[in-house]
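Asker: I need the structure of the sequence given here:
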Amino acid sequence: MSYPGLKSSEILNLLPQQAPFRFVDEILEVDEQHIVGTYTFKQDEFFYAGHFPGNPVTPGVILIESMCQVGVVALGIYLLSVQKGNEDLDQWVTLFTDAEVEFFAPVYPKDKVIISANKIYFRRMKLRATIEMRNPEGKLLATLTAAGQGVKKP
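Answerer: Alright, predicted model coming up:
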C-alpha cells in the first residue's frame, strides 16, 4: 500500500506517548479517512496492581487513552504529514479536547484489541473522529467520539 503521507512505522516513531504509557503496538492501515491499530494489554501493566487486586480489569480511562492514541494522535500525525509535509512533525503535540464514550465489555490482561477510527473532520489543526475498539473476533468493546487539537511546541 502506498501512502501520500507517513508510513505506519514512521507514525509510531513520532507518537509522543512512550512506555509505560504507550498503548499502540502497530498501525495496520492508515489513509486520509481512517486508521486501524492494535494493542495487547500486558499482564504486568502498571495499573493492574490497583485495578482491581486479584481480579484485574483495564481501567476505562486507559481504554480511552488507547483509542485516542490511535484515532486522534496517530491519525492526526498522518493527516498533518499529508497537509504540511514531513518536516517539523516532531514540533507538534496533540492536546485532548473532548470525548463521549460507551463501554460494552471489559478488557483484561493479555487481551488484544483492534482500534479503528474514522475521521469526522480535520480543520484548523483540530481532529474529531469516531473510534471503535473490538477484540480479534470482532466483538465490540467500546465506542468513542473524540477530538484533539494540534499545537506547536514552544
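
Asker: Where does pLDDT dip in the protein?
Answerer: Low-confidence segments of the chain (pLDDT under 70): 1-4.

Asker: So which residue is smack in the middle of this protein?
Answerer: The centre of the chain sits closest to V70, judged by Cα atoms, centre = their mean, with a distance of 1.9 Å.

Asker: who's in contact with that one?
Answerer: For V70, the contact set (Cβ atoms under 8 Å, 6 or more residues apart in numbering) comprises 24, 27, 35-37, 39, 115, 117, 131. For glycine as for every other residue, the C-beta is placed from the backbone atoms N, C-alpha and C.

Asker: Redo those as TSV? Include distance to Q17 and neighbour count.
Answerer: Below are the contacts of V70 laid out as TSV (distance: Cβ to Cβ, whole Å; neighbours: other Cβ atoms under 10 Å):
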residue	distance to Q17	neighbour count
V24	8	19
I27	14	23
I35	15	28
V36	18	17
G37	12	27
Y39	11	23
I115	14	28
A117	16	27
I131	16	24
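
Asker: Closest one of those to Q18?
Answerer: V24 (10.9 Å; Cβ to Cβ).

Asker: could you list every residue that touches that closest one?
Answerer: Counting by Cβ under 8 Å, 6+ apart, V24 has contacts 12, 15, 17, 37-39, 66, 69-70, 74, 115.

Asker: Point me to the helix or strand that includes it.
Answerer: Using DSSP states H and E, V24 is not contained in any helix or strand.

Asker: related to what we said a few turns ago, among the contacts of V70, which are located in strands?
Answerer: 27, 35-37, 39, 115, 117, 131 (DSSP state E).

Asker: now, which of those sits nearest F52?
Answerer: Taking the ones in strands among the contacts of V70 together and measuring to F52 by Cβ to Cβ, the closest member is Y39, at 20.6 Å.

Asker: Count the residues that sit near F47.
Answerer: Close neighbours of F47, defined as other Cβ atoms under 10 Å, add up to 14.

Asker: For it, give me its contacts.
Answerer: Contacts for F47 (Cβ under 8 Å, 6+ apart) come out as 58-59, 62.

Asker: Among the contacts of V24, which one lies nearest to Q91?
Answerer: L15 (14.5 Å).

Asker: so how far is P136 from the closest one?
Answerer: To P136, L15 is 22 Å away according to Cβ to Cβ, to the nearest Å.

Asker: These two: which is more packed in?
Answerer: L15 (17 against 11).
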